[in-house]
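Chemist: Could you work out the structure for the sequence below:
(chains A, B, C and D)
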There are 2 protein chains.
Amino acid sequence: MTLDDSAYHHGDLRTALLAEAAAMIDEGGTSSVTMRAIGRRLGVSRSAAYRHFADKSALLVAVAAAGFGRLRDRLEAVGAGSAGAGIERLRRVGEEYVRFALENAGHYRLMYGKEAITREDRPELREAANALFDELVRIVRTHQRNGTIKRQDPHQQAYVAWGAVHGLASLLIEGQILTAVDVDALIRQTTSTLLDGMRAG
Amino acid sequence: MTLDDSAYHHGDLRTALLAEAAAMIDEGGTSSVTMRAIGRRLGVSRSAAYRHFADKSALLVAVAAAGFGRLRDRLEAVGAGSAGAGIERLRRVGEEYVRFALENAGHYRLMYGKEAITREDRPELREAANALFDELVRIVRTHQRNGTIKRQDPHQQAYVAWGAVHGLASLLIEGQILTAVDVDALIRQTTSTLLDGMRAG
DNA sequence: TCGAGCTTGTTGACGCTGTCAACATAACCC
DNA sequence: GGGTTATGTTGACAGCGTCAACAAGCTCGA
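Modeler: This next block holds a predicted model:
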């Protein structure tokens, strides 16, 4: 048999490592991911991963970058398309952002936390985050054009909006918001306040 | 000599541990704090800290809780006082929040990151965070009364505002915002958008 | 005064971690 | 088919958090 997509010693260990690491992050947080545990779960030795990633940080960076990609895709699905743009669509983008974070809490934490990841510049992660931001800017521009929001520097406006939804998501994930609070209502009020502010003169 | 404030074997090792851990966090981030390194720097053995803190997480929790306390004090200093309340004062509270985060990046990360801290409930940390939130609610209430912002559920309004400044601070600290961006202008636009949204009907 | 008892700090040890060098094996290509 | 490269394994090392056993310092009652 000639090297199909599940060939070689293990059969695309690189992909398996990424998937397993992602699964472990969602199960027990980033701190539960160890090179040895991931090897155990995949039935390979503790250092097999080093043939595919320079170190543990590189593996986590790849997982985080994939997370940025998935988030970008989801926001694009909601926010793209020229027709039907308007305040409600913009709101749905914000809500989708927060929802993604809540559904993928461990992942989201990893994406934004420099703690588990070496501080050296990891271009792969930087690019994935930039691609997400570019999408936000694109959405902002679209809604500036059709008069939904004020015309300001689109980058600044995108940063403000990003900060608002990221902050809410972060507070929710880290358990800073009392459990008695109605989360859906809070998300809604956040997007309302933000959008009101982006429309007002 | 009878036990003055620098007596006993080492002389208030507990306080020294807190100070040293805080210093190390600001120098090299939370990951640079190890029980052994902290002992080395203080000239005590690696496990001396265990007489004062149940484990490493408890030590970090104490440092984080102190951080919440300092942040609360700074916001109170800016936002309190019955006289002179108004939109500009409210804006200054928001700016002070972000400034604190930027000046104490390592600390701030620790305060909000569950990663370095065990997931069990640490009441000390919970209470310190609650005290900060209570202060935010108090400030919101004050400015509702004098008509600066809309009258809504003060808790929800405080959460929205908290999320906005926390999100911006977090993006800045984690390096998600391009270095070319004018940070002061971005902070200003965030508070402007937020406050416009909190006034609009 | 002095010694019992509590508080504080030290040392040895354990199992865990990330990582590297040396080795082994499988697949590919000429 | 043999050499080369890609991939996986094993042994080893230093560093980590933490605990049990031990040592020393301080306080306070008799």
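Chemist: Quick check, central residue of chain A?
Modeler: Within chain A, one residue has its C-alpha closest to the average C-alpha position: by Cα atoms, centre = their mean, that is A:Phe68, at 3.8 Å.
Chemist: need the contact list for that one.
Modeler: Contacts for A:Phe68 were tallied using Cβ atoms under 8 Å, 6 or more residues apart in numbering or on different chains; they are A:111, A:125, A:128-129, A:131-132. The C-beta positions use only the backbone N, C-alpha and C, and glycine is treated the same way.
Chemist: need the residues of chain A near DNA strand D, please.
Modeler: For chain A, the residues found near DNA strand D under the criterion Cβ under 7 Å from any atom of the strand are A:8-10, A:13, A:39, A:44-48, A:50-52.
Chemist: For A:Ala16, pull up the helix or strand it's in.
Modeler: Following DSSP states H and E, the helix or strand that holds A:Ala16 is helix A:13-28.
Chemist: ok, residues contacting that helix?
Modeler: A:10, A:32-33, A:37-38, A:41-42, A:44, A:48-49, A:51-53, A:59-60, A:62-63, A:66, A:104-107, A:110.
Chemist: Which members of the residues you listed are classed as buried?
Modeler: Buried residues within these, defined by neighbour count using 16 or more other Cβ atoms under 10 Å in any protein chain shown: A:33, A:38, A:42, A:44, A:48-49, A:52-53, A:59-60, A:62-63, A:66, A:104-107, A:110.
Chemist: from the residues you listed, which ones fall inside helices?
Modeler: The members of the buried ones among the contacts of helix A:13-28 that map onto helices under DSSP state H are A:38, A:42, A:59-60, A:62-63, A:66, A:105-107, A:110.
Chemist: which pair in those residues spans the largest distance?
Modeler: The span of these, defined through Cβ to Cβ, is set by A:Leu42 and A:Ala105 at 23.7 Å.
Chemist: how many neighbours does A:Ile25 have?
Modeler: A:Ile25 is flanked by 25 other residues according to other Cβ atoms under 10 Å in any protein chain shown.
Chemist: got it, and the one 4 residues further on?
Modeler: By the criterion of other Cβ under 10 Å, A:Gly29 has 17 neighbours.
Chemist: can you pull the pLDDT of it?
Modeler: Among the per-residue scores, A:Gly29 holds a pLDDT of 92.
Chemist: State the distance from the residue nearest to it when sequence neighbours are not counted to B:Glu124.
Modeler: In space, and not counting its chain neighbours, A:Gly29 is closest to A:Gly106: 5.2 Å by Cβ to Cβ, 6 or more residues apart in numbering or on different chains. Here A:Gly106 is placed at a distance of 25 Å from B:Glu124 (Cβ to Cβ, to the nearest Å).
Chemist: The closest residue in space to A:Gln152 that isn't next to it in sequence: neighbouring residues, count only.
Modeler: Of all residues beyond its chain neighbours, the one nearest A:Gln152 is B:Gln189 (7.5 Å), with distances taken as Cβ to Cβ, 6+ apart. Look at B:Gln189: counted by other Cβ under 10 Å, it has 19 neighbours.
Chemist: phi, psi of A:Ala54?
Modeler: The phi and psi values for A:Ala54, taken as degrees, to the nearest 10, are phi -60, psi -40.
Chemist: contacting residues around it?
Modeler: Contacts for A:Ala54 were tallied using Cβ under 8 Å, 6+ apart; there are none.
Chemist: State the helix or strand in which A:Ala158 lies.
Modeler: Counting by DSSP H and E, A:Ala158 is part of helix A:154-173.
Chemist: now the angle between helix B:154-173 and that helix, please.
Modeler: Between the direction of helix A:154-173 and that of helix B:154-173, the angle (axes from the mean of the first three to the mean of the last three Cα atoms, to 10 degrees) works out to 120 degrees.
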